[in-house]
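>>> From the sequence below, what's the structure:
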Amino acid sequence: MAFRTRREGAALAVHDVSVTDRVLAEQLSYYRERAAEYDVTAYGDVATASVRVERLVNQMQPSGAVLEIACGTGVWTAALARRVSTLMAIDAAREMIEIARTRVALPNITFEVADVFTWATSARFDVIFFSAWLSHVPTNRFDQFWALLRPMLAERGRVLFIDEHSDDRDKEIYTSGDSEIVQRTLRDGRQFHIVKNFVDPDQLTARLEQLGWHCRIHRDGSDWIRGEAQPVQ
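The predicted model follows:
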């Protein structure tokens, strides 16, 4: 299957990158282009959504030094920052970071444009948080992603996450013959292919257990799940 970026109509060179890399490159292009319309298309009424976000963050009780992966436009960043000592927020889409930085101008936050798969840090975090990111991790990068998180956690550190339940899968248009690549369309009609693996709580819990993580997942409404994972000592 061939994928192309839609940013400025430029095609990716296909001879020197893996299929996964091409998919992730197109996914990044999609979110860079979507940044300006993300809030309204993802949340609708941001003020109403923020009430739910605040409630979920309070339930998860993040504290201490926190890393937020794929912070997007900062809707979750704002809620996190009010509870924690320090917050490092990263996203591979520069346009998302620019919006988040404007939205959440607090002294305990540091923003960085970074791809989590290549980002390196010597810092250790009490909490690593991500919302609507795990479902965009390709199946063949899943183990690698969780392996990256483990050395970033402080002793007794936790991974907290929000994502979409597998019951919501029918809202996407999957590419023929592929169970994890969906087609997304921007308001201007441009189409992209991205990864979308909805969360089945039992399957995710079992897979993380195989990788040496203890995971607890709770359902929130008909569409979201919230999870907590810790390395097995």
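>>> What distance do you get for S85 to D91?
21 Å (Cβ to Cβ, to the nearest Å). C-beta: built from backbone N, CA, C; applies to glycine.
>>> Who has more neighbours out of these two?
D91 (30 against 11; other Cβ atoms under 10 Å).
>>> Would you point out which residue is most central in the chain?
By Cα atoms, centre = their mean, the mean C-alpha position of the chain lies nearest to W133, the distance being 1.8 Å.
>>> quick one, what contacts the residue lying closest to it once chain neighbours are set aside?
Using Cβ to Cβ, 6 or more residues apart in numbering and skipping the chain neighbours, the partner closest in space to W133 is A70 (3.9 Å). The neighbours of A70, taking Cβ atoms under 8 Å, 6 or more residues apart in numbering as the test, are 90-92, 116, 130-133, 136.
>>> swap in E228?
Applying Cβ under 8 Å, 6+ apart, the residues contacting E228 are 60, 158-161, 215-217.
>>> now F161
Counted by Cβ under 8 Å, 6+ apart, F161 has contacts 129-131, 133-134, 226-229.
>>> sorry, back to before: can you tell me how far the residue nearest to W133 is from V116?
On the measure of Cβ to Cβ, A70 and V116 end up 7 Å apart.
>>> cool, A93 as well?
12 Å.
>>> and if you look at R150?
The gap separating R150 from V116 is 13 Å, by Cβ to Cβ.
>>> Look at T118 and say how many residues are nearby.
8.
>>> Checking it next. Helix, strand or coil?
Here T118 is recorded as coil under DSSP: H, G, I helix; E, B strand; the rest coil.
>>> pLDDT score assigned to it?
Listed pLDDT for T118 reads 94.
>>> Next up, phi/psi of it, please.
Backbone torsions for T118, taken as degrees, to the nearest 10, come to phi -120, psi -10.
>>> Same check on R158?
Per-residue torsions, R158: phi -130, psi 150 (degrees, to the nearest 10).
>>> what is it paired to in the beta sheet?
Beta-bridge pairing of R158 under DSSP bridges involves V127.
>>> And for it, the neighbour number?
R158: 21 surrounding residues under other Cβ under 10 Å.
>>> Make 71 the starting number, not 1.
New numbering, starting at 71: the last item is R228.
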